[in-house]
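Student: how would this look folded up:
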Amino acid sequence: MDYASDFESILPDYPVKLANFEGPLDLLLHLIKKNEVDVYDIPIVLLTEQYLQYLDLMQELDLDVAGEFLVMAASLIHIKSRTLVPRIEAGVESEEEEDPRDALVRRLLEHQKFKAAAELLHERETIRSAQWTRPDGRVEDIAGEPFERELEIDLFSLLQAFQAVIARTKNRSGLVLPAAVVPIETRIEQLLERLFEVDAIGFEELFDGAASRGDILTTFLALLEMIRLKLVRVLQAETFGPIRVYKRARPADAPDPKPMGENRA
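Tutor: Numbers count the residues shown, from 1 in each chain. Now for the predicted structure:
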(Lines give C-alpha, C1' and ligand atoms only; values in the text may rest on other atoms or scores of the structure.)
Protein backbone atom coordinates (compact mmCIF):
# COMPACT_ATOMS: atom_id res chain seq x y z
CA MET A 1 0.00 0.00 0.00
CA ASP A 2 1.40 3.39 -0.96
CA TYR A 3 1.34 5.68 2.10
CA ALA A 4 3.03 8.50 0.22
CA SER A 5 -0.26 9.55 -1.37
CA ASP A 6 -1.97 12.71 -0.17
CA PHE A 7 -4.31 12.82 2.81
CA GLU A 8 -7.48 13.22 0.77
CA SER A 9 -6.95 9.78 -0.79
CA ILE A 10 -6.76 8.13 2.63
CA LEU A 11 -10.04 9.31 4.11
CA PRO A 12 -12.41 7.49 1.71
CA ASP A 13 -10.50 4.26 2.43
CA TYR A 14 -10.82 4.55 6.19
CA PRO A 15 -14.33 5.55 7.27
CA VAL A 16 -14.58 5.53 11.06
CA LYS A 17 -17.77 4.02 12.45
CA LEU A 18 -18.67 4.46 16.10
CA ALA A 19 -21.08 2.02 17.72
CA ASN A 20 -22.44 4.75 20.01
CA PHE A 21 -22.70 7.39 17.31
CA GLU A 22 -25.11 10.07 18.45
CA GLY A 23 -27.90 11.35 16.23
CA PRO A 24 -28.88 14.81 14.95
CA LEU A 25 -31.07 15.57 17.97
CA ASP A 26 -28.07 14.93 20.23
CA LEU A 27 -26.05 17.40 18.16
CA LEU A 28 -28.77 20.04 18.49
CA LEU A 29 -28.96 19.52 22.26
CA HIS A 30 -25.18 19.85 22.42
CA LEU A 31 -25.34 23.16 20.52
CA ILE A 32 -28.13 24.43 22.78
CA LYS A 33 -26.03 23.63 25.85
CA LYS A 34 -22.89 25.07 24.25
CA ASN A 35 -24.59 28.37 23.40
CA GLU A 36 -26.48 28.47 26.73
CA VAL A 37 -29.81 29.19 25.03
CA ASP A 38 -33.38 28.32 25.95
CA VAL A 39 -34.68 25.20 24.22
CA TYR A 40 -38.10 26.90 24.08
CA ASP A 41 -36.65 29.85 22.15
CA ILE A 42 -34.12 28.33 19.76
CA PRO A 43 -31.98 30.84 17.82
CA ILE A 44 -32.57 28.88 14.63
CA VAL A 45 -30.20 30.94 12.46
CA LEU A 46 -27.25 30.43 14.82
CA LEU A 47 -27.96 26.74 15.44
CA THR A 48 -28.42 26.02 11.73
CA GLU A 49 -25.07 27.63 10.93
CA GLN A 50 -23.26 25.70 13.66
CA TYR A 51 -25.04 22.43 12.82
CA LEU A 52 -23.87 22.71 9.20
CA GLN A 53 -20.31 23.41 10.39
CA TYR A 54 -20.32 20.20 12.45
CA LEU A 55 -21.83 18.32 9.52
CA ASP A 56 -19.08 19.58 7.20
CA LEU A 57 -16.42 18.49 9.70
CA MET A 58 -17.95 15.02 10.12
CA GLN A 59 -18.09 14.59 6.34
CA GLU A 60 -14.48 15.79 5.98
CA LEU A 61 -13.46 13.18 8.55
CA ASP A 62 -15.51 10.63 6.59
CA LEU A 63 -17.46 9.62 9.66
CA ASP A 64 -20.40 7.33 9.07
CA VAL A 65 -22.87 10.22 8.81
CA ALA A 66 -26.33 8.72 8.54
CA GLY A 67 -28.97 10.14 6.22
CA GLU A 68 -30.90 11.44 9.24
CA PHE A 69 -28.22 14.11 9.72
CA LEU A 70 -28.83 15.36 6.20
CA VAL A 71 -32.60 15.25 6.69
CA MET A 72 -32.24 17.35 9.85
CA ALA A 73 -30.02 19.81 7.99
CA ALA A 74 -32.73 20.25 5.37
CA SER A 75 -35.35 20.67 8.11
CA LEU A 76 -33.29 23.33 9.85
CA ILE A 77 -32.79 25.25 6.63
CA HIS A 78 -36.54 25.06 5.97
CA ILE A 79 -37.40 26.29 9.48
CA LYS A 80 -34.82 29.06 9.14
CA SER A 81 -36.37 30.23 5.86
CA ARG A 82 -39.86 30.26 7.42
CA THR A 83 -38.71 32.30 10.41
CA LEU A 84 -36.87 34.81 8.22
CA VAL A 85 -39.80 35.18 5.81
CA PRO A 86 -43.06 34.99 7.83
CA ARG A 87 -46.16 33.78 6.04
CA ILE A 88 -48.66 36.60 5.54
CA GLU A 89 -52.17 35.93 4.35
CA ALA A 90 -54.50 38.69 3.19
CA GLY A 91 -51.96 41.27 4.32
CA VAL A 92 -52.28 40.30 8.01
CA GLU A 93 -50.02 37.83 9.81
CA SER A 94 -52.03 35.29 11.76
CA GLU A 95 -51.25 35.31 15.47
CA GLU A 96 -52.51 31.74 15.76
CA GLU A 97 -50.06 30.35 13.24
CA GLU A 98 -47.70 27.86 14.84
CA ASP A 99 -44.10 28.90 15.30
CA PRO A 100 -42.13 26.85 12.73
CA ARG A 101 -39.74 25.87 15.54
CA ASP A 102 -42.45 24.31 17.74
CA ALA A 103 -42.39 20.82 16.23
CA LEU A 104 -38.61 20.70 16.58
CA VAL A 105 -38.83 21.90 20.20
CA ARG A 106 -41.27 19.10 21.04
CA ARG A 107 -38.93 16.51 19.52
CA LEU A 108 -35.96 17.94 21.42
CA LEU A 109 -37.78 17.95 24.75
CA GLU A 110 -38.91 14.35 24.31
CA HIS A 111 -35.42 13.24 23.28
CA GLN A 112 -33.88 15.21 26.15
CA LYS A 113 -36.11 13.40 28.64
CA PHE A 114 -35.05 9.93 27.47
CA LYS A 115 -31.41 11.00 27.13
CA ALA A 116 -31.36 12.29 30.73
CA ALA A 117 -32.80 8.99 31.97
CA ALA A 118 -30.19 6.99 30.02
CA GLU A 119 -27.35 9.16 31.31
CA LEU A 120 -28.56 8.73 34.90
CA LEU A 121 -28.55 4.96 34.54
CA HIS A 122 -25.09 5.05 32.95
CA GLU A 123 -23.73 7.27 35.74
CA ARG A 124 -25.09 4.93 38.42
CA GLU A 125 -23.54 1.94 36.68
CA THR A 126 -20.20 3.79 36.43
CA ILE A 127 -20.23 4.54 40.14
CA ARG A 128 -21.26 0.97 40.99
CA SER A 129 -18.48 -0.51 38.87
CA ALA A 130 -15.90 1.63 40.68
CA GLN A 131 -16.80 0.11 44.02
CA TRP A 132 -16.68 -3.32 45.64
CA THR A 133 -18.58 -4.85 48.53
CA ARG A 134 -16.79 -6.19 51.60
CA PRO A 135 -17.83 -9.59 53.02
CA ASP A 136 -19.53 -7.74 55.90
CA GLY A 137 -21.71 -5.88 53.41
CA ARG A 138 -19.94 -2.52 53.56
CA VAL A 139 -19.09 -0.79 50.27
CA GLU A 140 -15.63 0.68 49.75
CA ASP A 141 -13.95 2.45 46.88
CA ILE A 142 -11.42 0.49 44.85
CA ALA A 143 -7.91 0.77 46.33
CA GLY A 144 -9.37 2.96 49.09
CA GLU A 145 -9.46 6.00 46.79
CA PRO A 146 -12.50 8.25 46.36
CA PHE A 147 -14.34 7.80 43.09
CA GLU A 148 -13.71 10.59 40.58
CA ARG A 149 -16.94 11.51 38.85
CA GLU A 150 -15.55 11.59 35.34
CA LEU A 151 -17.96 10.43 32.65
CA GLU A 152 -17.52 9.28 29.08
CA ILE A 153 -17.46 12.19 26.69
CA ASP A 154 -19.86 12.32 23.76
CA LEU A 155 -18.82 12.59 20.13
CA PHE A 156 -19.92 16.19 19.67
CA SER A 157 -17.93 17.41 22.67
CA LEU A 158 -14.92 15.69 21.08
CA LEU A 159 -15.63 17.43 17.78
CA GLN A 160 -15.91 20.76 19.58
CA ALA A 161 -12.52 20.26 21.21
CA PHE A 162 -11.11 19.19 17.85
CA GLN A 163 -12.44 22.36 16.20
CA ALA A 164 -10.49 24.37 18.79
CA VAL A 165 -7.30 22.45 17.92
CA ILE A 166 -7.80 23.17 14.20
CA ALA A 167 -8.50 26.86 14.91
CA ARG A 168 -5.23 27.21 16.80
CA THR A 169 -3.21 25.67 13.98
CA LYS A 170 -4.51 28.32 11.58
CA ASN A 171 -2.67 30.93 13.62
CA ARG A 172 0.61 29.05 13.46
CA SER A 173 3.07 30.07 10.78
CA GLY A 174 5.76 28.12 9.02
CA LEU A 175 4.08 24.73 9.01
CA VAL A 176 6.13 22.23 7.06
CA LEU A 177 4.13 19.65 5.12
CA PRO A 178 5.48 16.12 5.60
CA ALA A 179 6.70 14.13 2.61
CA ALA A 180 4.26 11.33 3.39
CA VAL A 181 1.08 10.94 5.38
CA VAL A 182 1.29 8.69 8.42
CA PRO A 183 -1.31 5.90 8.09
CA ILE A 184 -3.97 5.72 10.79
CA GLU A 185 -2.81 2.26 11.94
CA THR A 186 0.68 3.67 12.58
CA ARG A 187 -0.71 6.67 14.44
CA ILE A 188 -2.75 4.33 16.67
CA GLU A 189 0.45 2.44 17.54
CA GLN A 190 2.22 5.72 18.30
CA LEU A 191 -0.58 6.92 20.59
CA LEU A 192 -0.70 3.57 22.39
CA GLU A 193 3.06 3.80 22.99
CA ARG A 194 2.59 7.23 24.58
CA LEU A 195 -0.22 5.92 26.78
CA PHE A 196 1.93 2.95 27.81
CA GLU A 197 4.24 5.39 29.61
CA VAL A 198 1.48 7.25 31.50
CA ASP A 199 -1.99 6.57 32.89
CA ALA A 200 -3.63 9.34 30.88
CA ILE A 201 -2.89 12.34 28.66
CA GLY A 202 -4.79 15.49 27.85
CA PHE A 203 -6.74 15.63 24.58
CA GLU A 204 -4.71 18.54 23.22
CA GLU A 205 -1.44 16.74 23.99
CA LEU A 206 -2.36 14.15 21.35
CA PHE A 207 -1.64 16.76 18.68
CA ASP A 208 1.78 17.85 19.94
CA GLY A 209 4.20 17.89 17.04
CA ALA A 210 1.50 17.80 14.34
CA ALA A 211 3.04 19.49 11.32
CA SER A 212 0.00 19.81 9.06
CA ARG A 213 -3.77 19.68 8.94
CA GLY A 214 -3.45 16.15 7.55
CA ASP A 215 -1.44 15.15 10.63
CA ILE A 216 -4.10 16.61 12.91
CA LEU A 217 -6.97 14.87 11.11
CA THR A 218 -5.11 11.55 11.11
CA THR A 219 -4.55 11.80 14.86
CA PHE A 220 -8.22 12.53 15.52
CA LEU A 221 -9.35 9.65 13.31
CA ALA A 222 -6.90 7.38 15.14
CA LEU A 223 -8.45 8.42 18.46
CA LEU A 224 -11.97 7.68 17.20
CA GLU A 225 -10.85 4.26 16.02
CA MET A 226 -9.21 3.59 19.39
CA ILE A 227 -12.50 4.47 21.10
CA ARG A 228 -14.39 2.12 18.77
CA LEU A 229 -11.93 -0.68 19.49
CA LYS A 230 -12.24 0.03 23.25
CA LEU A 231 -8.51 0.64 23.58
CA VAL A 232 -9.02 3.93 25.43
CA ARG A 233 -11.61 5.81 27.45
CA VAL A 234 -12.14 9.53 26.91
CA LEU A 235 -13.47 11.24 30.03
CA GLN A 236 -14.50 14.69 31.16
CA ALA A 237 -15.11 15.80 34.76
CA GLU A 238 -17.49 18.61 33.83
CA THR A 239 -19.32 19.92 30.78
CA PHE A 240 -16.88 21.66 28.40
CA GLY A 241 -14.07 20.98 30.88
CA PRO A 242 -10.64 19.48 30.09
CA ILE A 243 -10.73 16.15 28.25
CA ARG A 244 -8.41 13.32 29.21
CA VAL A 245 -7.65 10.08 27.38
CA TYR A 246 -7.08 6.99 29.52
CA LYS A 247 -5.62 3.66 28.46
CA ARG A 248 -7.76 0.64 29.27
CA ALA A 249 -7.52 -3.11 29.27
CA ARG A 250 -9.25 -4.24 26.11
CA PRO A 251 -12.48 -6.07 27.05
CA ALA A 252 -13.45 -9.41 25.56
CA ASP A 253 -16.37 -7.88 23.66
CA ALA A 254 -14.22 -5.27 21.89
CA PRO A 255 -14.59 -5.29 18.08
CA ASP A 256 -11.70 -6.68 16.07
CA PRO A 257 -9.54 -4.20 14.14
CA LYS A 258 -9.61 -4.56 10.38
CA PRO A 259 -6.38 -5.92 8.92
CA MET A 260 -4.18 -3.41 7.12
CA GLY A 261 -4.77 -3.39 3.41
CA GLU A 262 -8.37 -4.60 3.76
CA ASN A 263 -10.89 -2.67 1.71
CA ARG A 264 -12.78 -0.51 4.22
CA ALA A 265 -15.15 1.18 1.84
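Student: which SS class is the closest residue to residue 154 other than its chain neighbours?
Tutor: Leaving out its chain neighbours, the residue that sits closest to residue 154 by Cβ to Cβ, 6 or more residues apart in numbering is residue 22, at 5.9 Å. Quick note: C-beta positions are derived from backbone N, CA and C, even for glycine. Of the three states, residue 22 takes coil under DSSP: H, G, I helix; E, B strand; the rest coil.
Student: list the contacts for residue 22?
Tutor: Neighbouring residues of residue 22 by Cβ atoms under 8 Å, 6 or more residues apart in numbering: 154-156.
Student: ditto for residue 48
Tutor: Counted by Cβ under 8 Å, 6+ apart, residue 48 has contacts 76-77, 79-80.
Student: any idea which element it lies in?
Tutor: Assigned by DSSP states H and E, residue 48 falls within helix 44-60.
Student: where does this protein dip in pLDDT?
Tutor: Within the chain, the segments meeting pLDDT under 70 span 1-21, 86-97, 119, 121-151, 171-181, 253-254, 256-265.
Student: how is it partitioned into domains?
Tutor: What the record gives for the chain is the domain set 23-87+98-148, 154-265, from automatic domain parsing.
Student: how about the helices of the stretch 101-250 of the chain, start to end?
Tutor: 102-129, 155-170, 184-197, 213-228 (DSSP state H, counting those that start in this stretch).
Student: from the contacts of residue 22, which single one is nearest residue 106?
Tutor: residue 156 (21.4 Å; Cβ to Cβ).
Student: tally of neighbours for that closest one?
Tutor: 19 (other Cβ atoms under 10 Å).
Student: please name the residues that touch it.
Tutor: Contacts of residue 156 (Cβ under 8 Å, 6+ apart): 22, 26-27, 30, 54.
Student: kindly recompute the last result at 6 Å.
Tutor: 27, 30 (Cβ atoms under 6 Å, 6 or more residues apart in numbering).
Student: where's it relative to residue 99, distance?
Tutor: Remark: distance between residue 156 and residue 99 (Cβ to Cβ, to the nearest Å) = 26 Å.
Student: just to revisit the earlier point, now the following helix or strand past the helix holding residue 48: buried residues?
Tutor: Later in the chain than helix 44-60, the nearest helix or strand by DSSP H and E is helix 67-84. Residues 69, 72-73, 75-76, 79-80, 83 are the ones in helix 67-84 that count as buried (16 or more other Cβ atoms under 10 Å).
Student: name the helices or strands packed onto helix 67-84?
Tutor: helix 24-35, helix 44-60 (3 or more Cβ pairs under 6 Å, 6 or more residues apart in numbering; DSSP states H and E).
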